[in-house]
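**Student:** Just the structure for this:
(one chain, ligands or ions: 1)
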Amino acid sequence: MTRPDAGLTATRLAGRVAMVTGALRGIGIAIAERYLAEGAEVILADLKAADDAETVAVMKRLGQAASYVRLDVAQEADWQAAAGTVRARFGRLDVLVNNAGVDCVGAVETLGMDAWRRIMAINVDGVFLGTKHFTALLSETGKTSSAGSSIINISSIMGLVGYSETSAYNASKGAVRLFSKATAIEFAQKRMAIRVNSIHPGFVKTPLLDIGMQRWADEGFAPSAQALIDGLDAATPLGRIARPEEIAGAAFFLASDDSSYCTGSELVVDGGWTAQ
Ligand SMILES: NC(=O)c1ccc[n+]([C@@H]2O[C@H](COP(=O)([O-])OP(=O)(O)OC[C@H]3O[C@@H](n4cnc5c(N)ncnc54)[C@H](O)[C@@H]3O)[C@@H](O)[C@H]2O)c1
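**Tutor:** Residues are numbered from 1 along each chain as shown. The predicted model follows:
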């Protein structure tokens with residue numbers, strides 16, 4: 001039987017402008033696609049050049065409401081340039097999704113400083129810099145609507161609970177969780193009309209997960225990457241890992257006016273993993 005809501009045209013983000021980092025694949029592109037389907041104009045930001053063949057193919061597929069800026073989230077100059085570009089081109093920003101992130105695996109006693117600094121630069125500095133350089137535009141935009149503007153920081157269940165051999169990733173995602181709460185309070189108390197919330201996905205079928213599982217398999221932790229994914233499916237109360245679209249649904253809620261009273265909150269989307 002067809003669900004009664006099937007086929008409705010969704011334009012709940014019409015007139016809004018959203019920016020998503022790490023948007024060329026995985027969770028980022030799923031969020032960008034959902035926002036576009038809901039009528040937003042979406043700026044995708046990622047490492048590849050604008051004229052790279054993959055970038056061109058993605059942008060062609062997404063259509064005219066999507067635009068692209070090349071941005072390394074760890075570089076302050078890139079954020080400064082992006083803030084200038086978005087202000088000049090759109091004059092507003094309703095939603096900033098700090099999604100770009102990398103993982104890092106290894107026993108703490110063998111983890112190098114370079115690996116530690118790289119993950120902190122991307123996962124933590126990136127969220128700080130995005131927030132810092134878009135606060136002015138988000139605040140101006142937020143004051144024109146009752147729900148305010150929205151910063152959505154993609155943390156992880158690894159920002160809530162520890163896991164063996166992922167201490168650097170755990171530390172970076174825990175930092176994202178509390179940075180989100182601190183900025184939520186700061187903006188609320190100053191009446192800056194910016195809400196800030198974090199999303200905590202469980203295991204999601206993306207290139208990051210596939211590459212990570214292959215690395216663990218290559219190191220002899222399991223006969224294959226698929227065996228590891230099967231194990232994650234089995235260990236998840238809902239019986240499977242997530243699809244990127246299921247994280248995009250949470251990111252849509254936090255971008256929409258339905259989340260007007262949510263700030264400083266952590267939205268866990270993990271199939272029950274951390275409820276055990
Ligand atoms: N996949 C999971 O199981 C999972 C679970 C919890 C949280 N997360 C988080 O979700 C986010 C997205 O993960 P994903 O699985 O889609 O990853 P992914 O590797 O599939 O995609 C990440 C994207 O970010 C881009 N990126 C990486 N470094 C960047 C930088 N310095 N500047 C700009 N862009 C950069 C990459 O080019 C890529 O397009 C990350 O923050 C990740 O930590 C993922």
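**Student:** Next to the ligand, which bits of this protein? Give me the list.
**Tutor:** 21-22, 24-28, 46-47, 71-74, 99-102, 122, 154, 156, 201, 203-204, 206-209 (CB under 6 Å from any ligand atom). The C-beta positions use only the backbone N, C-alpha and C, and glycine is treated the same way.
**Student:** Take those and keep only those in helices.
**Tutor:** Counting by DSSP state H, the part of the residues of the chain next to the ligand found in helices is 26, 27, 28, 207, 208, 209.
**Student:** Nearest residue to the first one in space, please, no chain neighbours.
**Tutor:** Here the nearest residue to residue 26 in space, its sequence neighbours aside, is residue 206; by CB to CB, 6 or more residues apart in numbering that works out to 3.4 Å.
**Student:** show me the contacts for the one you found.
**Tutor:** 25, 26, 27, 244 (CB atoms under 8 Å, 6 or more residues apart in numbering).
**Student:** Using PyMOL, define a selection of the buried residues within the residues of the chain next to the ligand.
**Tutor:** Those of the residues of the chain next to the ligand that count as buried under 16 or more other CB atoms under 10 Å are selected in PyMOL with:
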select buried, resi 21+22+24+25+26+27+28+46+47+71+72+73+74+99+100+101+102+122+154+156+201+203+204+206+208+209
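**Student:** what are the ranges of the helices in this protein?
**Tutor:** 26-37, 53-62, 76-90, 113-119, 126-142, 167-189, 207-218, 225-235, 244-255.
**Student:** Now do the helix-or-strand element of the chain with minimal mean pLDDT against helix 26-37: the angle between them, please.
**Tutor:** Within the chain, no helix or strand scores below helix 207-218, which has a mean of 93 by mean pLDDT, DSSP states H and E. Between helix 207-218 and helix 26-37, the angle comes out at 160 degrees (axes from the mean of the first three to the mean of the last three CA atoms, to 10 degrees).
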